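Can you look at this prediction? I've put the sequence above it.
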Amino acid sequence: MERELIEIGRIVNTHGIKGELKLLPHDERPEDLRALRSLFVDGQEMKILSARVHKGALLVMLEGVGDMNAALEYKGRAAFADADDPGLPEGFVFMDELFGCAVRTEDGEELGTLEEIIDSPANQVYVVRGAGSERLIPAIPEFVVSVDAEAGEIVVRLIPGM
């Protein structure tokens, strides 16, 4: 079975002297990735021994990386995750899978496609472009009715003025 690997971030530094790596996620929130069971670096699967969130990054201990010198070898490298990792929450969707999804209202009005996701302090915001317009839609349950990345469709609920 072929694994679908998705680049989730970059290892930007080490943390401490015991070999912890600081992974800065591209789009996902670090807390969403805490339960991953393994990472792939340079095509090699590495079991995650522990993971915790610290200052917007995911700090991970990987099997075979026992000290700061070993951890330094991974600095600057891209990190990948298996899209079917059993540690991911039920229904978890990688942000990369949403780009290009068709966005429509509950009433069936086509709004365009999801072109960008903005991380704001309160929540993520979907940038939807189509028919010469741009809409900013908060990515919260009050506005996002359903997301079906496999079908390439996002259904949203708009309020007057959106």
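Here it is on my side, so go on.

Relative to Arg135, how far out is Tyr126?
Note on Tyr126: its distance to Arg135, by CB to CB, to the nearest Å, is 8 Å. Using the backbone N, CA and C atoms, a C-beta is placed for each residue, glycine as well.

Could you do Glu110 as well?
12 Å.

Likewise for Ala57?
Ala57 is 31 Å from Arg135, by CB to CB.

So those two - more neighbours on which side?
Neighbour count, other CB atoms under 10 Å: between Ala57 and Arg135, Ala57 has more, with 19 against 16.

now Pro86, nearest residue through space, not along the chain?
Distances taken as CB to CB, 6 or more residues apart in numbering place Arg37 nearest to Pro86, at 6.3 Å, with adjacent residues excluded.

So what's the residue count around that neighbour?
Neighbour count of Arg37, defined by other CB under 10 Å: 14.

same thing with Val93?
Look at Val93: counted by other CB under 10 Å, it has 17 neighbours.

so which strand or helix has the most centrally placed residue in the chain?
Residue closest to the average C-alpha location in the chain (CA atoms, centre = their mean): Glu28, at 2.5 Å. Taking DSSP states H and E as the definition, one finds Glu28 inside no helix or strand.

Am I right that it is in contact with Phe94?
Yes - when contacts are counted by CB atoms under 8 Å, Glu28 is listed as touching Phe94 (6.6 Å).
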